[in-house]
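Colleague: With the input below, show me the fold.
(one chain, ligands or ions: 1)
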Amino acid sequence: MSKTAILEFDGNKYEFPVIVGSENEAAIDIDKLRALTGAITLDPGYKNSGSCKSDITFLDGEEGILRYRGYAIEDLAEKGNFLEISYLVIFGELPTKTQLTQFETDIRKYTLVNEEMKNIIDGFPKTAHPMGVLSALTSALTAFNPKVVNVENDAEMYEAICKTMGKFLVIATWTYRKMMGYPLNYYDNTIGYVENFMQLMFKLPTGPYASNPVVVDALDKLFILHADHEQNCSTSTVRIVGSSHAGLFASISAGVSALWGPLHGGANQAVLEMLEAIQKDGGDSAKYMAKAKDKDDPFRLMGFGHRVYKNFDPRARIIKKAADEVLKNLGVDDPILRIAKELEEAALVDDYFVSRKLYPNVDFYSGIIYRALGIPTDMFTVMFAIGRLPGWIAQWKEMRINKEPIGRPRQIYTGYPLRDFVSMDKR
Ligand code: SDX
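Modeller: Numbers count the residues shown, from 1 in each chain. Reported below is the predicted structural model:
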C-alpha cells in the first residue's frame, strides 16, 4: 500500500499522506488540501469521504462483514445480551460479570424520569408519530438533567451514559403508551433491561404482567443487531451535533430525527406498510418487483439496498432466521412473511437487483418480527432507536474524548455572482 497519494492539479504536483486502518482500509489525508491547492473535494452523500477514525465498528460492505470492537456480529447476537453488548460498544471491552452488574446497577440509579416530563408528552396529540415525540422528549431531558450538557471528565461522562441508557428506554415506551391512551409506566429496577421494555410497553394497571421469554430473547437479539453501524446517517448526525459541544441528550435527539426517515431507520416501518399494501392488492409480488424496477415509478423495494453493503447485510440473515424461529415459537402464520420471502427470492436472481447489488438490509425482516411480537408498526423505528442508542452514545463519547473539531463541511457555490440591489419600483 503506497504511503502517499500524488495529486496533479493546475500544473502542480501535491503529495498527501495515506492513512491505513487496522483492517487495511486506506484513506488519503486531505487535511492540507485547500491550504495547498485552493481546491476542496465534492462528495454529495459522503460516499467516498471518511469523517473520522473510529475503534468502535468495522463493516465490510463487499464481504457483508460487521464487527463491534472486533467481535463478529454473528457471535455477539448468538452469545451476548443487549446490556453486555452495549457495554462492549460503549467502553470497548466485553464486561466481566462484576462490571456488567455494576453497569446495570448504575443505570438503575437513573431510571426514574422526572414527573414533569409527563406535562410535555401530554401536549402531543395521540396521532403524533412516536419518533417525533421521542426526539422532543429526549431533548427535553436536558432541562431536567443540565449536567449532561458539559461532560468535562470521565465521571461526568459515565453518569451521562448511565442516565441516557436508563431514561431513553422509558420515554421511548411512553410514546406508545401516549398513542394508546394508556397510563405511563415506570422502570422496575428488580427486572432486566429488555424485560423492562416489555413491561413498560404492555403492562396495564388492571392486572399482572409477565413477559414471554421467547419474545424477550428475540428482542434482545434484535437490539444487539441494531447497536451500531459506523458512520450511518443518524450516527453522523449525533457526532456532528455533539461536535458543537451540544449535550448528549440534544445530540441523540437529533439522531432520532435522522433515523426517522424512510430511507434510513424508518425503512422498517415502510417495509411493513409495503408488504401490507402488496397483500391488500392481492399479494402479487411480481407486480411490485416490476414497479421497483420501473424508472418512471417512484416505488422502491423498501428494505432492499444499502449505502455500504453491496452484499447481504449480515444482520438481515440473522433476523430472517430469528423471524422463522419466533413465528414458529409463537405459532404465528403471517401471510406477509410469504410475500417477503417471494420478494427476496425474486430479487436475488433478478438482474436489476443483482447488477445494482441490492440485497435485503437490516430493515427487511425486522418489522415482521416486531409485528409478531405485538409491536405496532408506528413503533418499529422507535425499536431501531432503542437498539442504536449504545452506538450513538459510543460514537459521541469517542468524538468528545478525541477532541474532534466542530463539523463544518465546505461547499461549491453555484449561485449568482455579485449583483446590485434592485429597488422595489424596478422589480
Ligand atoms: C439503514 O447506512 C447505514 O448503515 C444504515 C443502516 C444502519 O444500520 O444505520 O444500515 C440502516 O438505513 C438501512 C437502509 C434502509 N433503507 C431502505 O431500505 C430504503 C430502500 N433503499 C433505498 O432507498 C436505497 O437502497 C438506499 C437509500 C438504502 C441506498 O441508496 P444508495 O446507495 O444511494 O443507492 P442509489 O440511490 O444510488 O441507488 C443505486 C441504484 C439506483 O438505480 P439506477 O439509478 O442505478 O438505475 O439502485 C436503485 C436506484 O434506483 N435502488 C433501488 C433501491 N435502492 C436503490 N431500486 C429499487 N428498490 C430499492 N430499494
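Colleague: hey, where'd the strands end up in the chain?
Modeller: Taking DSSP state E, the strands of the chain run over residues 4-9, 12-20, 26-28, 57-60, 65-68, 71-72.
Colleague: what helices or strands is the first one leaning on?
Modeller: So the one you mean is strand 4-9. strand 12-20, helix 33-37 (3 or more Cβ pairs under 8 Å, 6 or more residues apart in numbering; DSSP states H and E). Any C-beta I mention is one placed from the backbone N, CA and C, and that applies to glycine too.
Colleague: Okay, buried residues for it please.
Modeller: Leu7 (16 or more other Cβ atoms under 10 Å).
Colleague: Can you read off the pLDDT for Gly38?
Modeller: For Gly38, the pLDDT comes out at 97.
Colleague: again with Lys341
Modeller: 89.
Colleague: just to revisit the earlier point, the helices and strands packed on strand 4-9: which one's closest to the ligand?
Modeller: Among the helices and strands packed on strand 4-9, strand 12-20 comes nearest to the ligand, with 21.6 Å by Cβ to the nearest ligand atom.
Colleague: now for the closest one, which elements pack on it?
Modeller: Looks like strand 12-20 contacts strand 4-9, strand 26-28, helix 33-37 (3+ Cβ pairs under 8 Å, 6+ apart).
Colleague: Note down every partner strand of the first one and its orientation.
Modeller: Paired with strand 4-9 in the same sheet, following DSSP bridges, are strand 12-20 (antiparallel).
Colleague: And whatever residue of the chain ends up closest to the ligand, its phi and psi?
Modeller: Nearest residue of the chain to the ligand (Cβ to the nearest ligand atom) works out as Gly305 at 2.2 Å. Dihedral pair for Gly305: phi 90, psi 160, per degrees, to the nearest 10.
Colleague: Make CSV out of the helices and strands packed on strand 4-9 and add mean neighbour count and distance to Gly192.
Modeller: Listed next are these as CSV, based on neighbours: other Cβ atoms under 10 Å; distance: least, Cβ to Cβ, whole Å:
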stretch, mean neighbour count, distance to Gly192
strand 12-20, 13, 41
helix 33-37, 13, 50
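Colleague: May I see those arranged in a markdown table, with distance to Lys221 as well?
Modeller: Below are the helices and strands packed on strand 4-9 laid out as a markdown table (distance: least, Cβ to Cβ, whole Å):
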| stretch | distance to Lys221 |
| --- | --- |
| strand 12-20 | 34 |
| helix 33-37 | 44 |
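Colleague: Out of these, which gets nearest to Asn212?
Modeller: Closest approach to Asn212 among the helices and strands packed on strand 4-9 (Cβ to Cβ): strand 12-20, 47.8 Å.
Colleague: circling back to that earlier point, to Glu152, which of the helices and strands packed on strand 4-9 lies closest?
Modeller: Comparing these by Cβ to Cβ, strand 12-20 comes nearest, at 29.6 Å.
Colleague: need the strands of the chain in TSV with distance to the ligand and mean pLDDT, can you?
Modeller: Converted to TSV, the strands of the chain look like this (distance: least, Cβ to the nearest ligand atom, whole Å; pLDDT from 0 to 100):
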stretch	distance to the ligand	mean pLDDT
strand 4-9	25	97
strand 12-20	22	97
strand 26-28	18	97
strand 57-60	8	97
strand 65-68	9	97
strand 71-72	16	98
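Colleague: Switch those over to CSV; also include distance to Glu93.
Modeller: Listed next are those as CSV, based on distance: least, Cβ to Cβ, whole Å:
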stretch, distance to Glu93
strand 4-9, 35
strand 12-20, 24
strand 26-28, 26
strand 57-60, 15
strand 65-68, 11
strand 71-72, 10
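Colleague: who does the biggest helix by length in the chain touch, helix- and strand-wise?
Modeller: When the chain is parsed with DSSP state H, its longest helix is helix 154-180. With contacts defined as 3+ Cβ pairs under 8 Å, 6+ apart, the packing partners of helix 154-180 are helix 97-108, helix 117-122, helix 130-144, helix 193-202, helix 248-260, helix 380-401.
Colleague: Adding mean neighbour count, distance to Ile6 and mean pLDDT, write these out as a markdown table.
Modeller: Below are the helices and strands packed on helix 154-180 laid out as a markdown table (neighbours: other Cβ atoms under 10 Å; distance: least, Cβ to Cβ, whole Å; pLDDT from 0 to 100):
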| stretch | mean neighbour count | distance to Ile6 | mean pLDDT |
| --- | --- | --- | --- |
| helix 97-108 | 15 | 48 | 98 |
| helix 117-122 | 15 | 56 | 97 |
| helix 130-144 | 21 | 46 | 97 |
| helix 193-202 | 21 | 52 | 97 |
| helix 248-260 | 25 | 37 | 97 |
| helix 380-401 | 25 | 31 | 97 |
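Colleague: will you turn those helices into JSON lines that also has distance to Glu344?
Modeller: Listed next are these as JSON lines, based on distance: least, Cβ to Cβ, whole Å:
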{"stretch": "helix 97-108", "distance to Glu344": "36"}
{"stretch": "helix 117-122", "distance to Glu344": "38"}
{"stretch": "helix 130-144", "distance to Glu344": "26"}
{"stretch": "helix 193-202", "distance to Glu344": "28"}
{"stretch": "helix 248-260", "distance to Glu344": "24"}
{"stretch": "helix 380-401", "distance to Glu344": "18"}
